[in-house]
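Student: Starting from these lines, generate the structure:
(one chain, ligands or ions: 2)
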Amino acid sequence: MLIVRAPATSANLGSGFDVFGVALDRPADVVRVEKAERTTIEVTGVGSRYIPEDPKRNTVGAVAEALSAPARIRIDKGVRPASGLGSSAASAAAAAVALNELYDRGRSREELVPVAAEGEAVVSGAAHADNVAPAILGGFTVVTEEGVTRVDADLSLVACLPDIVVSTRDARSVVPDRVALTDLVETVGHAATLVAGMARSDPDLVGRGMADGVVTPARADLIDGYDEVCAAARDAGATGATISGAGPTILAVCRSGTQRAVAVSMIEAFEERGVEAQAYRTGVGDGATIYR
Ligand SMILES: Nc1ncnc2c1ncn2[C@@H]1O[C@H](COP(=O)(O)OP(=O)(O)O)[C@@H](O)[C@H]1O
Ligand SMILES: N[C@@H](CCOP(=O)(O)O)C(=O)O
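Tutor: Ligands and ions are numbered 1, 2, ... in the order given. I've put the predicted structure just below:
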């Protein structure tokens, strides 16, 4: 048997829709795999009752199929599904790394990114790789058609998860399919600022670069209290806050020493709207880790 842990991830970071992603220290999924005649899946842990065990409907089933690696797969969920924290991607990334090792397929970590992205197509309708790339490689990642670029970064983050469910599939349906040139220019500027900030582990630049006038405003209505929670995070010392992935989690980047205050303020702002929430005080983490 092989055991692999893969972390939660936060995709988009505002200006990098379907391109940027960052691995978080926590939470994480743990996946156990054993060779078998055919693939079977068992799911336990956070939100497991909402996750199908049918290999055709679970992200890990698509990964096993893509690697021709049938297995008994047990998933212990630490990342709540439909959270905006790459829940479906954490399982897919862990399964890709585990099955590649179990069956000695010899794929590099970079080569496993499109394999794990096959799983994302099963749940969201698009094989977007912005969650699976950091879940496999760790750090901050930039995904394009040509491949993945990884940047090491050290940042203090808060991921605040309200008791609201937003499915990635639904949140993708509200994204505009055209943008004006002025919006494009603004987005390129923000995205470039964010990448420079990641390379320098500079929370001010990253916070500034998270601004986005295209995708985020279209999705903000799906999260009750979005504006108030972002404002509370900034007032408490965050340099920026935005929707994590497709939501409902809100990700905040913190100045040194403000992480606790940011977390408390975000929870309180949700509570003022009558929404319960929990906050992960986290940072940029490693990718999938194999435990034998
Ligand atoms: N291994 C898995 N882990 C989590 N969710 C899964 C998995 N396989 C399929 N799903 C389905 O994917 C959906 C959650 O994915 P998504 O909406 O992208 O959430 P998240 O934003 O947390 O990744 C749910 O409908 C869930 O049932
Ligand atoms: N780029 C995708 C990311 C979805 O992330 P998730 O964590 O919500 O699955 C999107 O924004 O749709």
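Student: which parts of this structure sit against ligand 1?
Tutor: 50-52, 58-60, 75, 81-89, 91, 123-124, 167-168, 245-246 (C-beta under 6 Å from any ligand atom). Glycine gets a C-beta too; all of them are placed from N, C-alpha and C.
Student: Please list only the buried members of these.
Tutor: In these, burial by neighbour count holds for 51, 58-60, 75, 81-89, 91, 123-124, 168, 245-246, counting by 16 or more other C-beta atoms under 10 Å.
Student: Of those residues, which belong to strands?
Tutor: Among these, the ones falling in strands (DSSP state E) are residue 75.
Student: Of the buried ones among the residues of the chain next to ligand 1, which ones also sit close to ligand 2?
Tutor: Restricting those to those near ligand 2 by C-beta under 6 Å from any ligand atom leaves 84-86, 168, 245-246.
Student: Among those, which lie within helices?
Tutor: If you go by DSSP state H, these have residue 168 in helices.
Student: Return the item of the ones next to ligand 2 among the buried ones among the residues of the chain next to ligand 1 having minimum pLDDT.
Tutor: Across these, the bottom pLDDT score, 84, is held by residue 168.
Student: Determine the longest strand present in the chain.
Tutor: Assigned via DSSP E, the chain shows its longest strand as strand 20-35.
Student: which helices and strands does that one pack with?
Tutor: strand 2-11, strand 71-77, helix 87-102, helix 132-137, strand 140-144, strand 156-162, helix 181-200, strand 277-283 (3 or more C-beta pairs under 8 Å, 6 or more residues apart in numbering; DSSP states H and E).
Student: In the stretch 151-292 of the chain, what residue lies closest to ligand 1?
Tutor: At 3.4 Å from ligand 1, residue 168 is the closest residue in the stretch 151-292 of the chain, using C-beta to the nearest ligand atom.
Student: Name the residue of the chain with the shortest distance to ligand 2.
Tutor: residue 245 (2.6 Å).
Student: which ones are touching that residue?
Tutor: Going by C-beta atoms under 8 Å, 6 or more residues apart in numbering, residue 245 touches 9-12, 83-86, 131, 168.
Student: what's the farthest-apart pair in those residues?
Tutor: Distance extremes for the contacts of residue 245: the farthest pair is 12 and 83 at 13.9 Å, using C-beta to C-beta.
Student: Surely residue 290 touches residue 6?
Tutor: No: the criterion here is C-beta atoms under 8 Å, and residue 290 misses it with residue 6 at 10.2 Å.
Student: So for these two, which residue has more residues nearby?
Tutor: Comparing residue 290 with residue 6 by neighbour count (other C-beta atoms under 10 Å), the higher total belongs to residue 6, at 33 against 13.
Student: ok, back up a step: now do the shared contacts for residue 290 and residue 6.
Tutor: Contacts common to residue 290 and residue 6, judged by C-beta under 8 Å, 6+ apart, are residue 97.
Student: Could you double-check that the residue of the stretch 151-292 of the chain closest to ligand 1 lies in contact with residue 123?
Tutor: Yes: using C-beta under 8 Å, residue 168 is in contact with residue 123, at 6.8 Å.
Student: shared neighbours, those two?
Tutor: Jointly contacting residue 168 and residue 123 under the rule C-beta under 8 Å, 6+ apart are residue 88.
Student: Next one: the longest strand of the chain, is it in contact with ligand 2?
Tutor: No: using C-beta under 6 Å from any ligand atom, strand 20-35 never reaches ligand 2; the gap is at least 7.8 Å.
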